[in-house]
Every structure is written in C-alpha cells, then in structure tokens.
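Novice: Model the following, please.
(chains A and B)
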Amino acid sequence: MGVIDLDRLEVRLGGRVVLDGLTGELRGNAIGLLGPNGAGKSTLINTLLGFHEPSRGTARVFGLDAVRDRARIRQSIGYMPENDSFIGNMNGVRFVRYMAELAGLPAREALERAHEALFYVGLGEVRYRKISTYSLGMKQLIKLAQALAHGPRLLILDEPTNGLDPVARQRMIQTIKEIRKEGSIRLLISSHLLRDIDETCDEVLILKDGRIAALCNIEEERRSHRNFIELETFGAADAFAEKMRELGCECACFPGGRVKLIMPDKIEARDLYATAAKQGVQIRRIHQRRDSLEDIFLRAMDNNRDSEWKRGELVSL
Amino acid sequence: MSVYKHDYRAYTGRVTPLWWRVLVLARYGLSEIWSSKITIGLFILSMLPSIVFLILIYLANNPLARALIMRGNQQPLPMNAEFFLVVLEIQCWAALVINAWIAPRLITFDLADNAMPILLSHPISRFGYVLGKFAALFGSLSLVTWVPCLLLFAYQAYVSPQGWLGTNAQIASGLFIGSLLWIGWMTFLGLALSSWVKWRVVATGIIIAAVFVPAGVGGIVTGILRTRWGFLLNVPVSMTQLWARLLGKREFMGPNLSLPSGAIVTMLVLVSLACVAILNARIRAREVVRG
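Specialist: Just a heads-up that it's a prediction; the model follows:
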C-alpha cells in the first residue's frame, strides 16, 4: 500500500478541469510535489485533505478514501499551508495546543506536546509571545509546529520555505531532513523550488497542467542516467542532436548551443566526436555529470505526450 | 520529543472521539469571549437590571420592607406576566448588545489571519466548526437571558404565597422559550455577519444595524402601504408581540396591527436559515488557501 494512491483522479473547480486523470502510487518517505504555478499542486493537496471532491476517480491516503474517510485521513495528517494561517491574538503555545486538541489529543497531552513541538522547531523561547508579533520565519515555524504536535503519519508541507531568508530556509530544510530521518512520518512537500525538493525528497511527482508529467524516484533516476553529458557546441546543434537520437541517445537542445544528452552504454565518447565532425559541429566544452532534479523537471516540462505515466518512466528528450 | 533532547517522537497515546472536537472549539470560543475585559464589563452591566428586579420581587413580597423603603406608596407591586415581560425584554436587549460584541470575537480572529485552512484541516467539519462556535455563543448569551429570568421567576415562586406558581407556570415556559428563540436567532445572525467582515468593530456595528435598520424599513412599509406585515421586518416590535403571547400577557397592539405568531416564528426561522447559508458559503470560501 502506497502513502498516496491516485486512480484516474479528476477534480473540477468552477467547471474547469484542474486535475486531469492522475494515476499513480506514491511510496516514498519524502515525496516532492513539483510543478509550475497553476499545475494543480495545491488542488491535489486540498483533495487529499478532503476539501475538494473528485469529479471522477479516487484519491487514497494510507488506503483511506479521501472523501469517505475524510475525518480519519485528517486525523493522521499534519498540514502546513502555504500562506499565513494562524490565530494572531493567541500565543504560540496556546495555538499549537488548540490545534493538537482539535487533532484529537487530550488537553494535558496537547499542552505537553505543544511545548515540545515549539522547542523542536526552535520557537521555545518565544512560545508565550502572540503569534501576530512573530517574524515571517517564525510564522512558518509555528505552522510546522502545529502540524507536528499531534504526531501525524503524513506531514504535508505546502511551500515550507516560502518567504524565508537563506538562514531560516536552511534551518527549515534541516528540520525537514531530521523529521524524515526519524522515519515515523512520511512527508509530502509541495514546492516550486527544485533545490528544496532535491535536498529533502526521495521521490518526486511533477505536475503540469493538471496532469502527471513525471513520477519517479529521484535516486533511481539519477542512477539510471549516469551517462549524462552536457555539451557546449558551436554550429548546427539541432542536426547534431538529431543524429545522436538516431544513435539511441536521449537529447535536449538549449539556447546558446547547449546540448544535454544521455548516452546508452553501447555509445562511446568517440561516437560523439565522430558525429559532431560529420555535422560540422564544434564541441567546445564537455561536462559529464549526474542528472539533477532540474534536468528531470525540465524534461518533464518539455514533455507533451498525453499518454499516462508509469512509475519510473521518464519523458523522452 | 522531550524538551531537553529536542528530538521528535510520534504520539502513541489516547485520542479523543470526533464529537469531542466540537467541545474543544466551544471551550476555546468561551475562553476567547471571556478573555476580554469589555465582555466582563458588559456581563456585569447586564446583571444590574436583574439585581433591581430581584429587589423589586423582594419588596413585592415583603410588605414591611415595602412600607419602610417606599414610604407613602402602598400600592402593591404586581408580580405577573407584565412584570416578567419587562424582565425578559431588558435582558434580551442586553443580550443583543453582548452578542454584537462577542460574536465577532469568535469568528473574525479566525478569518483575519486566515486560520480556516489550518482549523479545518483537522478532523472537524464546517458543521462541527459552526456548532462549536454556536455552543460558545449560545451558552454565553444564556447567562444573560433565560438563566437570570428563570432564577428571578424561581425566587418569586419561592417567596410568593402558595398557588402563585400554579397560576403563573406559563410565565416560566414563556421566559425559557422566548429567550431560546431570541438567542438562537441572534447567535446565527451574529456568527453569519461576523463571518462576512474581517474587522470586529465593523462586525459589531453591522449586527446592531441588522436589527434596527430593517425595523426602520418595516416602519416605512407599514406607514406607506398601511399593512401590518411591515412589522415583520421590525424585530423589536414582532419579538415583543411574541414574548407577550408566550408569557400569557394580553395584546398591546390592536388586532389590525398584531402579527400572527406563526409568521413571526417563520421570519425567525427563515433569517436563521439564510444565516446558516451565509456561514456555509463564507467558511467554504476560506477553508482552502487561495493563491
């Protein structure tokens, strides 16, 4: 059983299809949810939380239906929304305790866990201050504290580093890594910052226009693309890329003569030079490196196929 | 996740039942209401009329004390439906003022900082949320309406001659039902209008206006069209009629102007339903984060 199972999930808002036939099983300990603005990331999260009802298909969290078992799902989820969301005239500890009690903790345990959660995220010293007086970074952390206090099985973080300065961002990333390392909580992190996802997640779901553009394990993906080469060329880069494709490479051309390609094992570096020479292309720089999440993301964004995604499958370049 | 270790640990203890969360909302709502000194001041002020009525009941039932205090005025104070109608009216209008102050405190703090997405991401439905807030407000308003009214009635029944209770039992039921209708209606109105605006002071003004502005419009309708149905918009007049009937007091308006009780109750129910619809729409609109 995956953490999140999507089966032809379609969500319409105001008559517009926002999520269009999402199918996939998310199993990672830390799942990154990537996509440009309007791709449907927040809608997917809201659907998992039971705020939006699917017009077709189903969404399941730990095997529970997002519509029928809404209360049980919410019980086992800690949610940190993207925007400011708190009760400003409450102090930190009271707010976190309130949220923990709403999540089902008895009053005494909720108070104890509220203190602990606030210390854990680094707000211990300011826990008796009104939240309205907190800085932006503190407000992000109080949202994290309330999401953690009741000990959820799944922690949903929507843009957790939004608006944070570099130091605060690093601290937030470190906290997320520690939570992931502890192992009792699965994470679903929505972000448009690739670096955040790259640092914290082991699986990524990339959405584009309400559809799955990629669903893959980041580490596996990197391992399968060891022969990733970045070239800086001068000349007919498109024709060169076309020839390399014919040889079985996956290629993508970028402005300025940049070409990224993944060479299958049977192709060697000499084939690269030979093809370039035949096409009259100069290779001015060659850089062999690991596939980054950015590359996975860019390939997914380039993809225009309508076919459904299978786990581990990457879009052809 | 002990403090000294700063380490995370999952919660494995007991979890409260789902219905308990409504009580959590009500408890935090009550706490929010009573955290304001102005609220406490208003409640104390609303108790002053009850103390005056308590003294009047004492005097009415104690000729010696009446002779000592009200020298020269030997007329007995009648303890009847008319007296308790005044009690009910004063307490209910005090409740309106308190409602206008505390209803916005229950809702606008949640709206002002966009707390709805976090609140409703917990195992609590929109209905549960409204029920919790309703319970907090209804409970607080009970303290200035039917609770003091029935306590005064009980005191009067205790100190009056035998037989008074039997002949005036309708007053007790009238006080109770009349108060419940009024605070139930006001609670819906207060919560719905508070959910409409983010600023508490504005919400307070709107709640007061929602009662008295339609009353003026109703008066104009009645005057121009020469119809009694304009009074349906006039909540002070229509509620006084309803309370008088519930307490068993004779009609104070002519038959041409008095409204049927069914029409008044229907108006209260319709307004309450409209308020529920407003609440549902407003909370639904704010339960998810809008980019």
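Novice: phi, psi of residue A:4?
Specialist: Main-chain torsions, residue A:4, degrees, to the nearest 10: phi -130, psi 130.
Novice: How many neighbouring residues does it have?
Specialist: 24 (other C-beta atoms under 10 Å in any protein chain shown). (Each C-beta comes from the backbone N, C-alpha and C, glycine too.)
Novice: swap in the one 3 residues further on?
Specialist: Applying the criterion other C-beta under 10 Å, we find 15 residues in the vicinity of residue A:7.
Novice: What does the pLDDT read for residue B:119?
Specialist: Residue B:119 carries a pLDDT value of 94.
Novice: Show the contacting residues for it.
Specialist: A:99, A:102, B:110, B:129 (C-beta atoms under 8 Å, 6 or more residues apart in numbering or on different chains).
Novice: Please narrow those residues to those residing in helices.
Specialist: A:99, A:102, B:110, B:129 (DSSP state H).
Novice: Assign the residue nearest to the second one when sequence neighbours are not counted to helix, strand or coil.
Specialist: Read it as residue A:102. Nearest non-adjacent residue to residue A:102, counting by C-beta to C-beta, 6 or more residues apart in numbering or on different chains: residue B:122, 4.0 Å away. The three-state assignment at residue B:122 reads coil, by DSSP: H, G, I helix; E, B strand; the rest coil.
Novice: tell me the strands in chain B, going along the chain?
Specialist: Assigned strands in chain B: none (criterion: DSSP state E).
Novice: Can you pull the residues of it lying near chain A?
Specialist: B:1-3, B:6-16, B:18, B:20-21, B:24-25, B:28, B:109-110, B:112-125, B:287-289, B:291 (C-beta under 8 Å from any C-beta of the partner chain).
Novice: residues touching the closest residue in space to residue A:151 that isn't next to it in sequence, list them.
Specialist: Of all residues not flanking residue A:151 in the chain, residue B:11 sits nearest, at 2.9 Å (C-beta to C-beta, 6+ apart). By C-beta under 8 Å, 6+ apart, the contact list for residue B:11 reads A:105, A:109, A:113, A:150, A:151.
Novice: mind saving the C-alpha coords of the host helix or strand of the third one as PDB?
Specialist: To tie it back to what came earlier, the one meant is residue A:113. In this assignment (DSSP states H and E), residue A:113 forms part of helix A:107-121. Output of helix A:107-121 as PDB, limited to C-alpha atoms (Å, rounded to 0.1, in the frame of the first residue of the first chain):
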ATOM      1  CA  ALA A 107      -5.900  18.600  26.800                       C
ATOM      2  CA  ARG A 108      -3.000  17.700  29.100                       C
ATOM      3  CA  GLU A 109      -1.100  15.700  26.400                       C
ATOM      4  CA  ALA A 110      -1.800  18.500  23.900                       C
ATOM      5  CA  LEU A 111      -0.200  21.100  26.200                       C
ATOM      6  CA  GLU A 112       2.900  18.900  26.700                       C
ATOM      7  CA  ARG A 113       3.300  18.200  23.000                       C
ATOM      8  CA  ALA A 114       2.700  21.800  22.100                       C
ATOM      9  CA  HIS A 115       5.700  22.800  24.300                       C
ATOM     10  CA  GLU A 116       7.800  20.000  22.800                       C
ATOM     11  CA  ALA A 117       6.900  20.800  19.200                       C
ATOM     12  CA  LEU A 118       7.700  24.500  19.700                       C
ATOM     13  CA  PHE A 119      11.100  23.700  21.200                       C
ATOM     14  CA  TYR A 120      11.700  21.200  18.400                       C
ATOM     15  CA  VAL A 121      11.100  23.700  15.600                       C
END
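Novice: anything in it near chain B?
Specialist: Yes: Helix A:107-121 is in contact with chain B by C-beta under 8 Å from any C-beta, via A:109, A:113, A:115, A:116, A:117, A:119, A:120.
Novice: Redo those residues as a markdown table? Include pLDDT, distance to residue A:255 and neighbour count.
Specialist: Shown next, in a markdown table, are the residues of helix A:107-121 next to chain B (pLDDT from 0 to 100; distance: C-beta to C-beta, whole Å; neighbours: other C-beta atoms under 10 Å in any protein chain shown):
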| residue | pLDDT | distance to residue A:255 | neighbour count |
| --- | --- | --- | --- |
| A:109 | 94 | 57 | 21 |
| A:113 | 93 | 52 | 26 |
| A:115 | 94 | 54 | 21 |
| A:116 | 92 | 51 | 23 |
| A:117 | 93 | 47 | 31 |
| A:119 | 92 | 49 | 19 |
| A:120 | 90 | 46 | 26 |
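Novice: which one of those residues sits closest to residue B:250?
Specialist: residue A:109 (59.0 Å; C-beta to C-beta).
Novice: Surely the closest one and residue B:13 touch.
Specialist: Yes: at 5.5 Å, residue A:109 counts as touching residue B:13 under the criterion of C-beta atoms under 8 Å.
Novice: Next up, the contacts around residue 60.
Specialist: Just going to use chain A. So residue A:60 contacts A:4, A:5, A:6, A:7, A:66 (C-beta under 8 Å, 6+ apart).
Novice: nope, chain B please
Specialist: B:66, B:76, B:77, B:78, B:79, B:156.
Novice: I figured the first one hits residue B:59, correct?
Specialist: Yes: Residue B:66 is within contact range of residue B:59, at 4.7 Å (criterion: C-beta under 8 Å).
Novice: Common neighbours of these two, please.
Specialist: residue B:77.
Novice: related to what we said a few turns ago, what's the closest of the contacts of residue B:11 to chain B?
Specialist: Nearest to chain B among those: residue A:151, at 2.9 Å, using C-beta to the nearest C-beta.
Novice: Looks to me like that closest one is in a strand.
Specialist: No: per three-state DSSP, residue A:151 lies outside any strand segment and is coil.
Novice: Isn't it up against residue A:112?
Specialist: No: judged on C-beta under 8 Å, residue A:151 makes no contact with residue A:112 at a distance of 11.7 Å.
Novice: In helices only, show me the residues of chain B next to chain A.
Specialist: Short answer: these in helices (DSSP H) are B:20-21, B:24-25, B:28, B:109-110, B:112, B:116-120.
Novice: Buried members of these into PyMOL, please.
Specialist: For the buried members of these, the matching PyMOL selection, counting by 16 or more other C-beta atoms under 10 Å in any protein chain shown, is:
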select buried, chain B and resi 21+24+25+28+109+110+112+116+117+118+119+120
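Novice: what sits against the residue lying closest to residue B:116 once chain neighbours are set aside?
Specialist: What sits nearest to residue B:116 in space, not counting adjacent residues and going by C-beta to C-beta, 6+ apart, is residue B:286, at 4.3 Å. For residue B:286, the contacting residues are B:111, B:114, B:116, B:117, by C-beta under 8 Å, 6+ apart.
Novice: Mind telling me which residue of chain B is nearest chain A?
Specialist: Closest point on chain B to chain A, by C-beta to the nearest C-beta, is residue B:11, at 2.9 Å.
Novice: Could I get the phi/psi values of that residue?
Specialist: phi -90, psi 130.
Novice: okay, it: pLDDT?
Specialist: Residue B:11 is given a pLDDT of 84.
Novice: what do you get for the one 10 residues further on?
Specialist: In the prediction, the pLDDT value recorded for residue B:21 is 94.
Novice: and the residue nearest to it when sequence neighbours are not counted, how many neighbours?
Specialist: Once flanking residues are discounted, residue B:21 sits nearest to residue B:124: 4.8 Å by C-beta to C-beta, 6+ apart. Number of residues near residue B:124 (other C-beta under 10 Å) recorded here: 21.
Novice: which residues sit in contact with residue B:124?
Specialist: A:102, B:21, B:22, B:25, B:132.
Novice: can you put the contacts of residue B:119 in CSV and add pLDDT and distance to residue B:49?
Specialist: Listed next are these as CSV, based on pLDDT from 0 to 100; distance: C-beta to C-beta, whole Å:
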residue, pLDDT, distance to residue B:49
A:99, 96, 40
A:102, 96, 38
B:110, 90, 33
B:129, 94, 34
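Novice: pLDDT at the residue nearest to residue B:21, what is it?
Specialist: 92.
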